[in-house]
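[1] Need the 3D shape of this:
(chains A and B)
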Number of protein chains: 2
Amino acid sequence: MIEKISDKVINRLTLYHCILQDYINKKKEFISSKQIANLLKIDDSQVRKDVNLLNKSGKSRVGYIVKDLKKSIETTLGFSKSKRAYIIGAGNLGMALAKYDNFSNYGLNIVCLFDNDQNKIGKEVNNKKILDIKELPVYVWQHYIDIAILTVPAQFAQDTAKFLVNTGIKYIWNFTPVVLDVPEDVQVWNENLMGNFLQFTYNIN
Amino acid sequence: MIEKISDKVINRLTLYHCILQDYINKKKEFISSKQIANLLKIDDSQVRKDVNLLNKSGKSRVGYIVKDLKKSIETTLGFSKSKRAYIIGAGNLGMALAKYDNFSNYGLNIVCLFDNDQNKIGKEVNNKKILDIKELPVYVWQHYIDIAILTVPAQFAQDTAKFLVNTGIKYIWNFTPVVLDVPEDVQVWNENLMGNFLQFTYNIN
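    Numbers count the residues shown, from 1 in each chain, chains lettered A, B, ... in the order given. Sure, this is the predicted structure:
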């Protein structure tokens, strides 16, 4: 059994996974810790330390075996434990996320979108239907859904969250710039774009 | 002078900032560390520790003064040092980011978008023009731009990054799921959505 992996390591492992996918696309069989480290501008000892946390690293004398290392990251991070999610808000951001095919590779299965705009309801995006938000309580009762992805305009975020909580949702991936007030047993992951941006630009003069 | 602030603290401070903005909208004058902590489900001693890093906390006997604390976070994190950026890729994600008015509150000024789709070129989104990507080298030579926000499809990410680097860009905010290979002096911030998602769901059974 592996130890619980920290958020920073999870973040790096998914970046390694992106690099490995790129290597597979280019039909490259092996990769060294140095090659990964150079792309991410980190130290190669860090890469080796992270990879050592995985069950199997797929190490050979000429570097890691790309396919094995990729598989190992997937197993460790639980990509195979598929999660079902819906998107609330079929605006540009909701549509972008619905079109993002990469999610399913990571075990995130977006089943549909909800909106209150009659011009959008009934349409499809990337084979996912846009449903009337009024139908949501019945829909989630019939189809088990783990995660709500919240992409509504900021002014509707808190009310929408309250509505979702009343339908029994326990996990909200929040893309709005609003800190949601939800009960103790509901977990929110704030996709804090401005926080990320400021971490990036804090050092730009 | 303040010490260099860690990424985790920057992330939390921007979430406090969201909460303070909400309090201002609701015309509330004071906020306690406990109220902030409860919304984010963290310990209030953590909030007090973070606030102590700011130049001025705006503390009164009935809690922090909302406007002063907000102002103090803005000063500390350099919201006033405005950065100019353009978006590469006027798809759903690029459009969503162009429409996100909140950015300017944090000192991020998106001046225009670039795309190669003739149906999009010349149109406007949120008062920002969509320009032909061929015009980019001349445009950035005429208008000083700090940051490129990359939202092109994954298969074009590396080539686009190379093109941008050749025009002299030094900072790329990368929303594609591709780890970019760029020279040593170019900084990339990977908006690693899947990494964030996996940090969130790692504990969901």
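
[2] Tell me where chain A is predicted with low confidence.
    Chain A contains residues with pLDDT under 70 at A:1-3, A:57, A:203-205.

[3] Note down every partner strand of the longest strand seen in it and its orientation.
    Ranked by residue count and defined by DSSP state E, the top strand of chain A is strand A:108-115. Paired neighbours of strand A:108-115 in the sheet (DSSP bridges): strand A:83-88 (parallel), strand A:128-132 (parallel).

[4] CSV please, covering those strands and showing mean neighbour count.
    In short, each C-beta sits where N, CA and C put it, glycine included. Output for the strands paired with strand A:108-115, formatted as CSV (neighbours: other C-beta atoms under 10 Å in any protein chain shown):
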stretch, mean neighbour count
strand A:83-88, 22
strand A:128-132, 17
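
[5] Throw those into CSV and include distance to residue B:137, thanks.
    Formatted as CSV, the strands paired with strand A:108-115 follow (distance: least, C-beta to C-beta, whole Å):
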stretch, distance to residue B:137
strand A:83-88, 37
strand A:128-132, 38
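
[6] so which of those gets nearest residue B:30?
    With respect to residue B:30, and counting by C-beta to C-beta, the nearest of the strands paired with strand A:108-115 is strand A:83-88 at 32.3 Å.

[7] Give me the residues contacting the very next helix or strand once past that closest one.
    Sequence-wise, the next helix or strand downstream of strand A:83-88 (DSSP states H and E) is helix A:92-99. The contact list for helix A:92-99, computed with C-beta atoms under 8 Å, 6 or more residues apart in numbering or on different chains, reads A:87-88, A:90, A:103, A:110, A:113, A:115, A:125-126, A:128, A:149, A:151, A:175, B:91-93, B:95-96, B:99.

[8] all strands in chain A, in order from the N-terminus.
    Going by DSSP E, chain A shows strands at A:30-31, A:59-60, A:63-65, A:83-88, A:108-115, A:124-125, A:128-132, A:147-150, A:171-174, A:187-190.

[9] so which of those strands is the most packed in?
    Highest mean neighbour count of the strands of chain A: strand A:147-150, a mean of 26 (counted as mean count of other C-beta atoms under 10 Å in any protein chain shown).

[10] Residue B:10 is in contact with residue A:199, correct?
    Yes: using C-beta atoms under 8 Å, residue A:199 is in contact with residue B:10, at 5.0 Å.

[11] more neighbours, the two?
    residue B:10 (24 against 20; other C-beta atoms under 10 Å in any protein chain shown).

[12] quick check: angle from the longest helix anywhere in chain A to helix B:7-25?
    What stands out as the longest helix in chain A, according to DSSP state H, is helix A:7-25. Regarding helix A:7-25 and helix B:7-25, their directions subtend 110 degrees when assessed with axes from the mean of the first three to the mean of the last three C-alpha atoms, to 10 degrees.

[13] For helix A:7-25, name the packing helices and strands.
    strand A:30-31, helix A:33-40, helix A:44-52, helix A:66-77, helix B:193-201 (3 or more C-beta pairs under 8 Å, 6 or more residues apart in numbering or on different chains; DSSP states H and E).

[14] if you look at the fourth one, does any of it touch chain B?
    When you say that, I think you mean helix A:66-77. Yes: counting by C-beta under 8 Å from any C-beta of the partner chain, chain B is contacted by helix A:66-77 at residue A:77.

[15] ok, now which ones touch the residue sitting nearest the centre point of chain A?
    With distances taken as C-alpha atoms, centre = their mean, residue A:103 lies nearest the centre of chain A, 6.6 Å away. When contacts are counted by C-beta under 8 Å, 6+ apart, residue A:103 is found next to A:97, A:109-110, B:194, B:197.

[16] And for residue A:195, the neighbour number?
    Here the number of neighbours of residue A:195 (other C-beta under 10 Å) works out to 23.

[17] returning to that earlier point: can I get the helices and strands packed on helix A:7-25 in a markdown table with distance to residue B:19?
    Shown next, in a markdown table, are the helices and strands packed on helix A:7-25 (distance: least, C-beta to C-beta, whole Å):
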| stretch | distance to residue B:19 |
| --- | --- |
| strand A:30-31 | 43 |
| helix A:33-40 | 33 |
| helix A:44-52 | 34 |
| helix A:66-77 | 31 |
| helix B:193-201 | 20 |
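
[18] The residue of chain A positioned farthest from its centre and chain B, how far apart?
    Distance to the chain centre peaks in chain A at residue A:61, reaching 33.4 Å (criterion: C-alpha atoms, centre = their mean). Shown here: residue A:61 relative to chain B, a distance of 25 Å by C-beta to the nearest C-beta, to the nearest Å.

[19] cool, and residue A:40?
    Distance from residue A:40 to chain B, by C-beta to the nearest C-beta: 7 Å.

[20] who touches the residue nearest to that residue when sequence neighbours are not counted in this structure?
    In this structure, residue A:40 finds its nearest non-sequential neighbour in residue A:15, 6.0 Å apart by C-beta to C-beta, 6 or more residues apart in numbering or on different chains. Taking C-beta under 8 Å, 6+ apart, we find residue A:15 in contact with A:40, B:179, B:190, B:192, B:195.

[21] swap in residue A:30?
    With C-beta under 8 Å, 6+ apart, residue A:30 has these contacts: A:60, A:62-66.

[22] repeat that with 6 Å
    Listed by C-beta atoms under 6 Å, 6 or more residues apart in numbering or on different chains, the contact set of residue A:30 reads A:62-63.
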